[in-house]
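[1] Could you work out the structure for the sequence below:
(one chain, ligands or ions: 2)
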Amino acid sequence: MANVIVIGAQWGDEGKGKITDLLSRSADVVVRYQGGVNAGHTVVVNDRTFKLHLIPSGILYPETECLIGSGTVIDPQVLIGELDQLEKLGISAANLYISETAHVTMPYHRLIDRASEDQRGSHKIGTTGRGIGPTYADKSERIGVRVLDLMDAEGFRDLMHRIVPQKNTILERLYGLPPLDAEEVITQYLAYADRLRPHVIDCSLKIHDAVKRRRNILFEGAQGTLLDLDHGTYPYVTSSNPVAGGACVGAGVGPTIIDRVIGVAKAYTTRVGEGPFPTELQGEMGEVLCQRGAEFGTTTGRRRRCGWFDSVIGRYAVRINGLDCLAITKMDVLDELEEIQVCVAYDIDGVQVRDFPSNGRAFARCQPIYKTLPGWKQPTGDCRSLQDLPQAALNYLQFLAELMEVPIAIVSLGASRGQTIIVEDPIHGPKRGLLHADLTEAIRSAS
Ligand code: IMP
Ligand code: MG
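    Ligands and ions are numbered 1, 2, ... in the order given. Sure thing, here's the model as predicted:
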């Protein structure tokens, strides 16, 4: 039995969807613990593509129970759209559970998200415009709407008659937008409530029960470490805690039940939205990574900014999340390159630093210090073991593992489930420590 947290080690879009899909095969329960419909991953089933924002992709395994935990924020309209998609594909959502204490995204949250972004002008964050920040802000402000509020029609009605006038003041006076009609919001959301009711439960209790029955639980983070509200590149972050620590709070479990933490990182780096990005490539090379990696957002369709692998933020992710191992994704995107650069440290005002600076202004001045490695210039999409990989690709992986002082457990070489090398099964493999020595040895002996 192992309870595993999977997190993004960069700025999101690391390919967590594929890795969690892979690991979901061995999981009995998958728990999404933070974020909302700002996240997105594309899933292909029976040649049909559909996009999920909230529902864990574990739903594709009929036996797997999927939980949307207390730390998430739920946009019922989008969630119901996802339920409809699943239904059309003949996939049962009977195993989907929604935490009664998760907060609900309301129409005013979406309006305020977009209007406040417009007002920030050149200081805009580049949010997904899905109302995520305002939903979490109301949670902290203690005027949020929780799923359980939505389930109680009378209570919800009272709440809306209290909150909507307050929000209308903001919409009208601050942003010059038309007011919302409380009754319309009530009618719309009570219809959503009826649709969602069969799925609503106390998630913490359900997880506790799974722990007692020694089930395998997978905690699935959305976004990534550098987008964490507390530990990311503030203020260019999301409003929740994607880091591993967030899994306990967001699922309602204690840290003692967690066995292992897996970080997912791309073999290069991308970022969507605003904010500093030291290894960003503006020119032709950035375009090559973007095109070969199909780097366009699932949720907003925005072009992702692309750059070289940054081991400073990688080491930071290892530290902040207590990573046991890494999954390196999209290695194949680098297949045709003559040379590959890896950022090993930053130069800040003439001083060399190896640790991520918390000060955003200092971070914005960081100049990457690169080490250049030779490319392998051959396709890797069909490699199924470390032995199949070209020597230069193994050297690249080895270099990353050594820089980040953490073993690489999984290497992904394409979008399909099969295009994966599992060096060590992170769920059933040996415990931390042992895993480290084993993997470093496995990579060494293959090279
Ligand atoms: P928000 O989460 O919509 O408030 O956006 C805040 C920042 O997080 C923006 O830079 C977004 O582009 C970024 N962000 C939010 N969700 C994702 C994601 O799933 N992948 C990558 N970036 C994201
Ligand atoms: Mg994504």
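[2] Number of residues surrounding residue 296?
    Close neighbours of residue 296, defined as other Cβ atoms under 10 Å, add up to 13. (Each C-beta comes from the backbone N, C-alpha and C, glycine too.)
[3] ignore the last one, residue 170
    Count around residue 170 with other Cβ under 10 Å applied: 17.
[4] mind checking the backbone torsions on it?
    Main-chain dihedrals, residue 170, degrees, to the nearest 10: phi -70, psi -50.
[5] For it, which non-adjacent residue is spatially closest?
    Excluding the flanking residues, the one nearest residue 170 by Cβ to Cβ, 6 or more residues apart in numbering is residue 112, at 6.6 Å.
[6] mind checking how far the one you found is from ligand 2?
    Using Cβ to the ion, to the nearest Å, residue 112 is found at 23 Å from ligand 2.
[7] Could you tell me which ranges of the chain sit under the pLDDT cut-off?
    Scanning the chain for pLDDT under 70 picks out the ranges 1, 44-46, 50, 428-447.
[8] Enumerate the residues of it near ligand 1.
    Along the chain, the residues adjacent to ligand 1 under the rule Cβ under 6 Å from any ligand atom are 12-13, 38-40, 125-128, 130, 132-133, 222-223, 227, 236, 238-239, 272-273.
[9] which of those residues count as buried?
    With burial judged by 16 or more other Cβ atoms under 10 Å, the buried subset of these is 12-13, 38-40, 125, 127-128, 130, 132-133, 222-223, 227, 236, 238-239, 272-273.
[10] Quick one: the strands in the stretch 101-250 of the chain, in order.
    Applying DSSP state E, counting those that start in this stretch to the stretch 101-250 of the chain gives strands spanning 103-104, 200-201, 217-220.
[11] May I see the buried residues of stretch 302-310?
    By 16+ other Cβ under 10 Å, the buried positions in stretch 302-310 come out as 304, 305, 306, 307, 308, 309, 310.
[12] so what's the residue lying closest to the second one once chain neighbours are set aside up against?
    Distances taken as Cβ to Cβ, 6+ apart put residue 271 closest to residue 305, at 4.9 Å, once the chain neighbours are dropped. With contact taken as Cβ atoms under 8 Å, 6 or more residues apart in numbering, residue 271 is in contact with 10, 11, 12, 226, 277, 280, 304, 305, 307.
[13] would you turn these into a markdown table with secondary structure and distance to residue 339?
    Listed next are the contacts of residue 271 as a markdown table, based on DSSP: H, G, I helix; E, B strand; the rest coil; distance: Cβ to Cβ, whole Å:
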| residue | secondary structure | distance to residue 339 |
| --- | --- | --- |
| 10 | coil | 21 |
| 11 | coil | 24 |
| 12 | coil | 27 |
| 226 | helix | 25 |
| 277 | coil | 21 |
| 280 | strand | 18 |
| 304 | coil | 22 |
| 305 | strand | 21 |
| 307 | strand | 15 |
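[14] Residue 206: which of these is nearest?
    Residue 206 has its nearest neighbour among these in residue 12, at 27.1 Å by Cβ to Cβ.
[15] so the residue nearest to residue 170 sits right up against residue 175, yeah?
    Yes - in terms of Cβ atoms under 8 Å, residue 112 counts as a neighbour of residue 175; the distance is 7.4 Å.
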